[in-house]
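Participant: test case, fold it:
(chains A and B)
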Amino acid sequence: MKKKGRKAAGAVTSPLIRRPIQRQFAIFLLPTFLCFCIGFLWPFIQGIYLSFNKFSTISNTSWVGFGNYVKAFQDDGFRHAFGFTAMVAVTSLVLINVLAFAVAFALTKSIRGSNLFRGVFFVPNLIGGIVLGYIWKTLINSVLPVSMSIQVNYGFWGLIVVMCWQQIGYMMIIYIAGLQAVPEDMLEAAKIDGASGWKTLWHIILPNVMPSITICTFLSLTNGFKLYDQNLVLTNGAPVRRGVGMTEMLALNIANNFTTANQRGVAQAKAVLFFILVTTIALVQLRLTRSKEVQQ
Amino acid sequence: MKKLLAVLLTLAMLLGMVSLASADETGKVYYLNFKPEADQAWQDLAKLYTEQTGVEVKVLTAASGTYSDTLTAEMEKKDAAPTLFQIGNAEGVATWADYALKLDGTDLMNEMTTADFNLKNANGDTVAVGYCYEAYGIITNVALLQKAGHSLDEIKDFASLKAVADDIHARAAELGFDAFTSAGLDGSSSWRFSGHLTNMPLFYEFRDDGITEQPATVKGTYLNAYKNIWDLYITDSAADPAKLSGYTGGAAEDEFINGQAVFFQNGTWEFATLTEKGMKAEELTMLPIYCGVEGEENAALCAGTENCWAVNAKASEADQKATLDFLKWVVTSEEGTKMMAEQFGPIPFKSAKEPENVFFKVANEYLAAGKYVVTWAFNFTPDVDNWRAGIVSALEQYSAGTADWGEVEYAFVDGWAKCYEATH
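Facilitator: Here you go, the predicted model:
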């Protein structure tokens, strides 16, 4: 009986599989780890080093200490980009998650064609940012009285519309998975107790879907802060008023700074600050929503 | 364990078999080309040179608009960096000064007919030689102009240009064509107005103040002239001024080719495209850009270049010599000068061939008549991409009526000062 139990527990626990894995896990991990080091870790460390230098090419650097960081904070464009990016990130966060949840909720109610709808809503996510932005720019500008690159409000809402269109499908998939994992017995118990739709949603469904909310909030928040492709194509930061791009987000500001040969150190410093900012916000958000998760 | 050892040893063996390239005794040439239109011609020429002399010549062309990024990336490669590359203007000299070899006294320099298009570094050494020059102005469809009942002789200055354009625009419905093509502010077209057109106020201001190198600030003394010509472009055209960012360079070109407009601001390089797409050389000419400055009846076309060859000072001596020899062959040999004339028009070298381009004939006629060349003052622009982006956005807002001309003035004057600061 013991032997049968061991077989039933799964081949993965048998020594035939386990020992080779224990001995050679390094080789299996090595390619991915190497790629991670080469593609991410080394450039990241180099970037931090370069942020303390003035350079035009990587081999031609001169140390300036915190000078770049001071310049970054003094830059009007950077400060404005920070405010604008925060607005875009928060607005898109709220809209994307509320709408995605609503759509997911509707599509878990086994209505006719829900599978088809799920597919259709997800497809926008498959289109690359630049192509998406370019087509939407042409569409939006043709219906507006003035183009998005002239009126700041149009530029802002244009960005939000495109982001929502692209990301609602993706978040919807995650919410659908979360909604389907809500325990049936809890829902039945609520129905028997006579709870209204709203009460069920607020007190039973939402707490159980909290892990999905954590993930989706994290993703849409970081996506909002990191947005570059659509920003570049839709308005490219225009209109420029007194030298400051009114719809320029942080990533675009940093990339534009980099094109000026003498400003590369400052751009690099901004990039490091950007990293610290997004990481902090994301970690805070994760901590907040994790604490609300309910054990199932 | 044994299998693991076998795998590791095989990997080591393979790595050992990859040997580093042996140093070339004869030197090699690696040219990072700027003009995508000329890529095929350069490839053919390079192959021909290698056949004739055995020296390896590699030509890589950067995609349109990516030259600076590509050059930066390629220069990082220690032994495989470009030996020949391009510097466009004063800003390029500031960025690449350490990488540009002094060219005074080389055979290549001795073949030049003029040093006007060369770039110098802070010490006055020539670091890049202009290998072709181009001109731009207002390309005019003479046939359409005559159809509208006007002649070329009428247009002598801004007032006369405006009179003709206003008249054509007023009768556009009846004539079936308008005065100017769309003044598009899409990235593919905006450089004509943020770069080429801004040359007018810059040239006249620099001429007045005797400026010969990159100034830290500009005053914008001739911005009213810039406003004159810009207002003309957006008023006397079929394009909606509030939606200029939707009009591309290709759209303006097509409008001109399809006979929808009489005037099209562009340069001598357009000749090939226009004639290939059906326009006849006899119906094309180029007018200077008149904008209301005193004495502009004596202006010729705007001529200059953003194409200067620079040799990599950090390449090996053998490579540098090979590159200079290659360049000398290009500007003296039969095949080289033929290709240069076909691709680039007139080149300032002693053995240059005559180009077919009608616009160059016009440019030369103006010079022969003693008119003054409007040189490319915009080559002095600091942080050129950002300065121009500011101008484009200001023009867009001004044309749509959401900002006044002060926005353009700010982008021009304050923008210049900020860009200068950013690059020094």
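Participant: CA atoms for contacts and neighbours, from now on please.
Facilitator: Fine.
Participant: what's next to stretch B:28-37, contact-wise?
Facilitator: For stretch B:28-37, the external contacting residues (CA atoms under 8 Å, 6 or more residues apart in numbering or on different chains) are B:39, B:55-64, B:67, B:71, B:81-86, B:307, B:318-320, B:322-323, B:326.
Participant: select only the buried ones of the residues you listed in ChimeraX?
Facilitator: Buried subset of the contacts of stretch B:28-37, written as a ChimeraX selection, criterion 16 or more other CA atoms under 10 Å in any protein chain shown:
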select /B:39,55,56,57,58,59,60,61,62,67,71,81,82,83,84,85,86,307,319,320,322,323,326
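Participant: and the contacts of stretch B:28-37, which of them are in strands?
Facilitator: B:57-61, B:84-86 (DSSP state E).
Participant: from those residues, pick the one nearest B:D231.
Facilitator: The nearest member of the ones in strands among the contacts of stretch B:28-37 to B:D231, counting by CA to CA, is B:Q86 at 35.2 Å.
Participant: now do the contacts for the nearest residue to that closest one once chain neighbours are set aside.
Facilitator: Counting by CA to CA, 6 or more residues apart in numbering or on different chains, B:W309 is the residue found nearest to B:Q86 once chain neighbours are left out, at 4.9 Å. For B:W309, the contacting residues are B:84-87, B:128-131, by CA under 8 Å, 6+ apart.
Participant: now do the contacts for the residue in chain B that chain A sits nearest to.
Facilitator: Residue of chain B nearest chain A, by CA to the nearest CA: B:T423 (5.1 Å). Shown in contact with B:T423 (CA under 8 Å, 6+ apart): A:260-263, B:382-383.
Participant: hey, where'd the helices end up in the stretch 101-250 of chain B?
Facilitator: Assigned by DSSP state H, counting those that start in this stretch, the stretch 101-250 of chain B shows helices spanning B:107-110, B:142-147, B:158-170, B:172-175, B:191, B:199-209, B:223-235, B:249-257.
Participant: distance to A:K54, mean neighbour count and mean pLDDT added to these, as CSV?
Facilitator: CSV is the format used below for these (distance: least, CA to CA, whole Å; neighbours: other CA atoms under 10 Å in any protein chain shown; pLDDT from 0 to 100):
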stretch, distance to A:K54, mean neighbour count, mean pLDDT
helix B:107-110, 34, 16, 86
helix B:142-147, 54, 16, 94
helix B:158-170, 47, 19, 95
helix B:172-175, 56, 14, 94
helix B:191, 29, 20, 92
helix B:199-209, 31, 19, 94
helix B:223-235, 35, 19, 96
helix B:249-257, 37, 19, 94
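Participant: show me the domain layout of the chain.
Facilitator: With no chain named, the answer covers chain A. Per automatic domain parsing, the structural domains of chain A span A:2-50, A:69-290.
Participant: that's the wrong chain, I wanted chain B
Facilitator: According to automatic domain parsing, chain B comprises the domains B:26-133+B:305-350, B:135-304+B:362-422.
Participant: pull the most distant pair out of the contacts of B:T423.
Facilitator: Top of the distance list for the contacts of B:T423 (CA to CA): A:Q263 and B:P382, 12.5 Å.
Participant: and the two? Which one has more around it.
Facilitator: Per other CA atoms under 10 Å in any protein chain shown, whichever of A:Q263 and B:P382 has more neighbours is B:P382, with 29 against 24.
Participant: surely that one and B:G415 touch.
Facilitator: No. B:P382 is beyond contact range of B:G415, at 9.6 Å (criterion: CA atoms under 8 Å).
Participant: need the residues of the stretch 151-296 of chain A near chain B, please.
Facilitator: Neighbours of chain B within the stretch 151-296 of chain A, by CA under 8 Å from any CA of the partner chain: A:151, A:238-243, A:256, A:260-263.
Participant: among these, name the ones in strands.
Facilitator: Those of those lying in strands (DSSP E): A:240-241.
Participant: do you know how far A:A282 is from chain B?
Facilitator: Using CA to the nearest CA, to the nearest Å, one gets 32 Å for the distance from A:A282 to chain B.
Participant: note down every partner strand of the helix or strand containing B:F263 and its orientation.
Facilitator: Using DSSP states H and E, B:F263 sits in strand B:261-267. Strand B:261-267 has its sheet partners listed here by DSSP bridges as strand B:134-141 (antiparallel), strand B:178-180 (parallel).
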